[in-house]
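Asks: have a look; sequence and predicted model below, questions after that.
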Amino acid sequence: MTLSVIIPVYNEAAGLARTLAAVQALPGDLEVLVIDGGSRDDTVEIALRMGVRVASAPKGRAAQMNHGAALALGEVLLFLHADTLLPENAHALIAAALTQPGTVGGCFRLGFDDEHRLLRGIAFMTRFSCRLFHYGDQAFFVRAETFARLGGFRLYPLMEDLDFWLRLRRLGKAVVLPRGILTSARRFLENGVVRQQLQNVLLVLLYLAGVSPEALARFYRWRGDAAGRYPASGGGSEVFALRSSRDRVAEPLRTLWHWLHSNVHNAYVTTRVLEFMLRLKTAGRVSLDHPWATGIPPGEDSPVWPRNVVFASPRLEQGPELAEPDDVIVTRIGSFMATLVQRSAGPEVPQGPKRRMPHAVNYLHGPVHYNGGYLIFNDFRDALFHFSDRAFVREVRRFAREERRELTLILRERSYDPQEYAWFVAFVRSRLPWYANPNGPTQKRVLWGTASPYPAVNPINGSWIGDMVRLARGDEPPVRPAIATERWFQGDYRGNQPCYPFLVRFHAWASYLFIAMRGFQGGMLFTSRRRIEPGHWRKYLELNGRWSAGYRIAPPFTRRKPDGPRRLVPD
């Protein structure tokens with residue numbers, strides 16, 4: 001008997017090699033087919049390296065499994081999830097079961113790779129022939145001719161496995177084999193074992209009561225921050241830690257506290273900026289050769305910025321956006337902010353298109369870029385991997401407290417979804433008690449952000465205020481030595497939040513609404529947009545107010561489109 005093992009996959013690089021190795025070690029005549037639904041990670045490369053057949057199909061487990069069945073050459077088809085391991089005698093068990101009169105197919109008992117007591121109870125129930133406890137995780141098997149007779153899996157977005165199991169039982173005996181497969185318990189542990197199982201049972205009951213799979217799929221996706229409805233985008237393969245029950249209760253409360261604190265702190269920072277705007281009204285308070293305007297320490301010929309990178313995550317090895325080295329990236333960010341200082345360091349230039357910001361706002365970029373530190377990440381997913389680790393956040397706060405310097409977060413990936421960028425900044429605000437702005441290289445702006453060569457977020461802790469006070473008194477602008485980077489961020493960090501929670505998305509949307517209500521002025525606070533962007537003002541009038549300087553942020557109640565986020569190529 002030839003057994004065709006069909007494995008539908010989508011971004012399964014983390015565990016696929018282990019599953020394939022277990023299948024290839026099975027005794028007996030078998031073939032392995034990996035059916036990819038458009039993975040963006042190394043899933044396909046892993047499958048090809050391991051010498052199995054690989055094919056592509058439209059994304060969707062039912063469509064992928066049907067495509068695999070059409071390509072299979074075996075007499076018996078086995079549908080296996082990519083995070084599931086078969087017992088070592090699976091081939092013999094299936095062959096023996098199908099020799100029994102009237103048997104048309106079957107599945108294995110369920111087992112989990114975790115010893116949680118409730119999971120052991122769920123696994124125990126799968127030995128009984130009850131429709132409430134049979135899912136595709138149990139590795140369904142069926143003769144190829146029987147599969148064809150059934151017409152394969154129906155193209156349902158959910159419940160395609162239960163539907164197939166029920167139709168299979170109408171044709172004959174569907175057995176539950178005495179050995180158990182081993183599947184990942186991650187979904188249960190992330191969402192809570194009781195919560196996940198109650199949801200599974202509820203979905204089955206609703207389906208048996210006649211609710212359509214499409215309606216069930218909408219319900220399933222609606223409940224799911226933890227199920228990954230709004231995962232952070234990125235090309236890494238980081239394995240996030242599991243969230244504890246304590247985290248689930250504490251995080252919303254911590255989020256609300258940080259937002260309250262950050263808004264109060266931002267009000268204080270705003271009043272200090274307005275104070276400096278009154279005290280620093282003229283150009284020339286910083287010279288053109290000062291380190292704030294050049295980024296070069298006194299008596300040296302190379303910029304300070306690469307030496308102030310206090311943390312840089314391991315770089316990805318792929319992607320054209322990641323071509324520039326970190327020292328080049330941070331130098332571009334530092335040079336950009338130094339240029340803002342230069343616009344007020346030279347001769348007086350009237351505020352307008354050539355000098356957009358008041359002198360005080362240009363000056364304050366000096367202590368931010370020269371005296372401050374830098375954190376560099378690959379993309380949003382990489383940044384969430386670190387910022388959802390409380391130890392990493394504590395180190396950020398320790399740095400600000402002991403060094404009294406600002407920090408700038410930089411992403412190596414220059415193209416991004418503006419909506420996700422707004423979510424990401426709201427996530428940073430939910431972890432730190434300071435305000436933060438999303439600056440980036442695209443034509444329009446995200447929330448209160450401005451232009452920047454790379455995506456750069458500034459959590460404004462207020463350390464720059466002391467330097468600006470000295471400047472306003474007429475003292476020499478403070479020039480601090482390079483940071484002793486070996487003192488900082490030496491831990492092994494692993495966050496537990498790969499998705500954007502509802503409160504985070506709501507905060508981003510609420511911020512957008514407030515900015516949108518400001519009309520043409522939008523996210524510009526310390527200057528008049530009409531003065532510095534006269535061309536856009538004319539366009540705004542021509543379009544009867546339908547022009548906006550920023551990107552629209554959708555409400556948190558809407559679903560992201562199936563084709564994923566829109567990636568914008570930087571200007």
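Replies: On my side now, so go ahead.
Asks: domain ranges for the chain?
Replies: What automatic domain parsing lists as the domains of the chain is 3-222, 252-542.
Asks: roughly how far apart are the residue in the chain sticking out farthest from the centre and residue 172?
Replies: In the chain, the residue that sits farthest from the middle, by C-alpha atoms, centre = their mean, is residue 101; the gap is 51.0 Å. From residue 101 over to residue 172 the distance is 9 Å, taken as C-beta to C-beta, to the nearest Å. Where C-beta positions appear, they are placed from N, C-alpha and C, glycine not excepted.
Asks: cool, residue 30 as well?
Replies: The span separating residue 30 from residue 172 equals 23 Å under the rule C-beta to C-beta.
Asks: over to residue 453?
Replies: Using C-beta to C-beta, we find residue 453 at a distance of 66 Å from residue 172.
Asks: compare these two (neighbour count), which wins?
Replies: The residue with more neighbours, out of residue 453 and residue 172, is residue 453; 19 against 13, by other C-beta atoms under 10 Å.
Asks: thought the more buried one was touching residue 336?
Replies: Yes. The criterion here is C-beta atoms under 8 Å, and residue 453 meets it with residue 336 at 5.4 Å.
Asks: quick one: buried residues of the longest helix belonging to the chain?
Replies: Secondary structure assigned by DSSP state H gives helix 245-279 as the longest helix of the chain. With burial defined by 16 or more other C-beta atoms under 10 Å, the residues of helix 245-279 counted as buried are 251, 255, 258-259, 262, 265-266, 269, 272-273, 276-277.
Asks: what does stretch 501-508 give?
Replies: When burial is assessed from 16+ other C-beta under 10 Å, stretch 501-508 yields the following buried residues: 501, 503-505, 507-508.
Asks: pLDDT on that stretch, on average?
Replies: Computed over stretch 501-508, the mean pLDDT rounds to 90.
Asks: hmm, who's touching that stretch?
Replies: 225, 230, 251-252, 255-256, 259, 419, 422-423, 425-427, 429-430, 447, 553, 556 (C-beta atoms under 8 Å, 6 or more residues apart in numbering).
Asks: give me that answer again for 7 Å
Replies: Contacts with stretch 501-508, where a contact means C-beta atoms under 7 Å, 6 or more residues apart in numbering, come from 225, 230, 252, 255, 259, 422-423, 426-427, 429-430, 553, 556.
Asks: which one of these is nearest to residue 467?
Replies: The shortest approach to residue 467 among those belongs to residue 429, at 23.8 Å (C-beta to C-beta).
Asks: for that closest one, grab the count of nearby residues.
Replies: When neighbours are counted by other C-beta under 10 Å, residue 429 registers 26.
Asks: ok, back up a step: following element in sequence after the longest helix of the chain, please.
Replies: helix 291-294 (DSSP states H and E).
Asks: give me the contact list for that next one.
Replies: Against helix 291-294 from outside (C-beta under 7 Å, 6+ apart): 286, 297-298, 338, 341-342, 345, 366, 370, 477, 479.
Asks: isn't residue 141 up against residue 104?
Replies: No. Using C-beta atoms under 7 Å, residue 141 is not in contact with residue 104; the gap is 10.1 Å.
Asks: closest to the centroid, which residue in the protein?
Replies: With the centre of the chain defined as its mean C-alpha position, the nearest residue by C-alpha atoms, centre = their mean is residue 232, 1.3 Å away.
Asks: where's it relative to residue 377, distance?
Replies: Relative to residue 377, residue 232 is positioned 11 Å away (criterion: C-beta to C-beta).
Asks: and what of residue 193?
Replies: 32 Å.
Asks: higher neighbour count, these two?
Replies: residue 377 (25 against 19).
Asks: for the more buried one, which non-adjacent residue is spatially closest?
Replies: With C-beta to C-beta, 6 or more residues apart in numbering as the measure, residue 383 is the residue that lies nearest to residue 377, at 4.2 Å, once sequence neighbours are left out.
Asks: can you classify that neighbour as helix, strand or coil?
Replies: For residue 383, the secondary structure call by DSSP: H, G, I helix; E, B strand; the rest coil comes out as helix.
Asks: unless I'm mixing things up, it is touching residue 389, no?
Replies: No. Contact criterion C-beta under 7 Å: residue 383 and residue 389 do not qualify, at 11.1 Å.
Asks: quick one: which of these two has more around it?
Replies: More crowded of residue 383 and residue 389, by other C-beta under 10 Å: residue 383, with 25 against 21.
Asks: for the more buried one, give me its contacts.
Replies: So residue 383 contacts 377, 409, 411, 424 (C-beta under 7 Å, 6+ apart).
Asks: shouldn't the third one be in contact with residue 379?
Replies: Yes. Using C-beta under 7 Å, residue 411 makes contact with residue 379 at a distance of 5.9 Å.
Asks: where does the stretch 201-350 of the chain have low pLDDT?
Replies: For the stretch 201-350 of the chain, applying pLDDT under 70 flags the ranges 219-229, 235-238, 244-245, 317-323.
Asks: isn't there a helix covering residue 4?
Replies: No. The assignment for residue 4 is strand, going by three-state DSSP, so no helix is present there.
Asks: if I pick it, what's in contact with it?
Replies: Residue 4 is in contact with 31, 33, 72-74, 77-78, counting by C-beta under 7 Å, 6+ apart.
Asks: tell me the one of those nearest residue 403?
Replies: Set against residue 403, the nearest of the contacts of residue 4 by C-beta to C-beta is residue 33 (55.5 Å).
Asks: tell me the bridge partners for the closest one.
Replies: Listed by DSSP bridges, the beta-bridge partners for residue 33 are residue 6, residue 53.
Asks: next up, the contacts around it.
Replies: Counting by C-beta under 7 Å, 6+ apart, residue 33 makes contact with 4, 6-7, 52-53, 55, 68, 71-72.
Asks: please pick the buried ones from those residues.
Replies: Neighbour-count burial (16+ other C-beta under 10 Å) is assigned, among those, to 4, 6-7, 52-53, 68, 72.
Asks: what would these look like in TSV with distance to residue 44 and pLDDT?
Replies: Output for these, formatted as TSV (distance: C-beta to C-beta, whole Å; pLDDT from 0 to 100):
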residue	distance to residue 44	pLDDT
4	19	95
6	16	96
7	12	95
52	11	93
53	12	94
68	14	95
72	19	94
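Asks: closest one of the residues you listed to residue 464?
Replies: residue 7 (54.0 Å).
Asks: who's in contact with the closest one?
Replies: Counting by C-beta under 7 Å, 6+ apart, residue 7 touches 19, 33-35, 80, 82.
Asks: circling back: just the ones of the contacts of residue 383 in helices?
Replies: Those of the contacts of residue 383 mapping onto helices are residue 424, per DSSP H.
Asks: show me where the stretch 301-450 of the chain has strands.
Replies: Along the stretch 301-450 of the chain, the segments classed as strands by DSSP state E, counting those that start in this stretch run 309-312, 373-377, 407-411, 435-439.
Asks: now the ones you listed as TSV including distance to residue 64?
Replies: Putting the strands of the stretch 301-450 of the chain into TSV (distance: least, C-beta to C-beta, whole Å) gives the following:
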stretch	distance to residue 64
strand 309-312	38
strand 373-377	32
strand 407-411	32
strand 435-439	37
